[in-house]
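J.: following is a predicted model, sequence given first.
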Amino acid sequence: MTAVQTQAGNRTAITTTLKTKPARPRPRVGLISLQVGIIVAFLAIWQIGASNGWISTFLFSSPAQIITILTQNASTGQLWTDIGVTGYEVLVGYAIGAVGGSVIGLLLWYSKFVADLSAPFITAIGSIPVLAVAPMMIIWFGTGELSKIVIVAFSCVIISLTNAYRGAQKVDGDILNLMRSFGGTKTQAFVKAIVPGAMPWVLAGLKLNVGFAIIGAVVGEFISSNAGVGHMIVTGSLSFSMSVVLAGVVVVMVMVLVFAFLIDTLERILFRWER
């Protein structure tokens, strides 16, 4: 084979490679359909058992009763008020705790001495259960929304801080050494290497904190509130209405799924930018 033929073959192979599009991932329709089928089957068995007396509606309620409670509360506007109160507390507390904790965790990369000095204190604070501090927050910040926001922030800050700092530590040291060899400053290394490199860890922390944020808001509403999803659950438990309690639980689950979907959307946007 001559050199000309070899070059022509190489050009053909390169052209073919460039024209070949990456295969698109298969849609998850089958998986989603299976998940929906499991939920529908569970609800159907539950409703059939409650209708035939096999399952005590006083102890376990039924899907029909839960839907009735949600429909009634939605028609009166109380459901939307409760969701709005809890959602506001979660959003503000999450922004302060999860996002602020991620920023602090990344900034700890600047000083290993400060990071090592604060490590035992961070561990000690992270070991405190939210149920232990919630009554103190109510006393310190009042019975309004501010105390719930502080509880949500407290629930989120340590996980986000720890994940972000760990991600900053995992950035390839060769990249940092290369930037230093070209005269890059520490701030430039932080902006161009540390923040993008630690982003998967930061997003993992944000995902983990979705559930903790909503739990923190609901726990705060358990202790003292006049509105919110937690208040709805407490009201149902005091009146021994399992339908109201489970309706509140369903609302909490939906809120967690919505917030998790938003974080997943943010992750796709950032990873598209990274690619």
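T.: Happy to help now that I have it.
J.: nearest residue to residue 73 in space, please, no chain neighbours.
T.: Nearest residue to residue 73 in three dimensions, chain neighbours excluded: residue 79, at 3.7 Å (Cβ to Cβ, 6 or more residues apart in numbering). Yep, even glycine has a C-beta here, placed from its N, CA and C like the rest.
J.: what's whichever strand or helix holds residue 236 packed up against?
T.: In the assignment (DSSP states H and E), residue 236 maps to helix 229-238. When contacts are defined as 3 or more Cβ pairs under 8 Å, 6 or more residues apart in numbering; DSSP states H and E, helix 229-238 sits against helix 78-94, helix 195-223, helix 242-274.
J.: only alpha carbons, please: show the shortest one as CSV.
T.: When you say that, I think you mean helix 78-94. Only the C-alpha atoms of helix 78-94 are listed here, as CSV (Å, rounded to 0.1, in the frame of the first residue of the first chain):
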residue,chain,number,x,y,z
GLN,A,78,-55.7,25.7,53.3
LEU,A,79,-53.6,23.1,51.4
TRP,A,80,-51.9,25.8,49.3
THR,A,81,-51.3,28.0,52.3
ASP,A,82,-49.6,25.1,54.1
ILE,A,83,-47.5,24.2,51.1
GLY,A,84,-46.6,27.9,50.6
VAL,A,85,-45.5,28.3,54.3
THR,A,86,-43.4,25.2,54.3
GLY,A,87,-42.0,25.8,50.8
TYR,A,88,-40.9,29.3,51.8
GLU,A,89,-39.2,28.1,54.9
VAL,A,90,-37.4,25.3,53.0
LEU,A,91,-36.3,27.6,50.1
VAL,A,92,-34.8,30.3,52.3
GLY,A,93,-33.3,27.9,54.8
TYR,A,94,-31.9,25.7,52.0
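J.: can you name every helix or strand that the helix or strand that comes right after it contacts?
T.: Where DSSP H and E defines the elements, the next helix or strand beyond helix 78-94 is helix 100-107. Helices and strands touching helix 100-107, as assessed by 3+ Cβ pairs under 8 Å, 6+ apart, comprise helix 145-169, helix 195-223.
J.: what residues does helix 100-107 touch?
T.: 153, 156-168, 190, 194-195, 198, 202, 205-206 (Cβ atoms under 8 Å, 6 or more residues apart in numbering).
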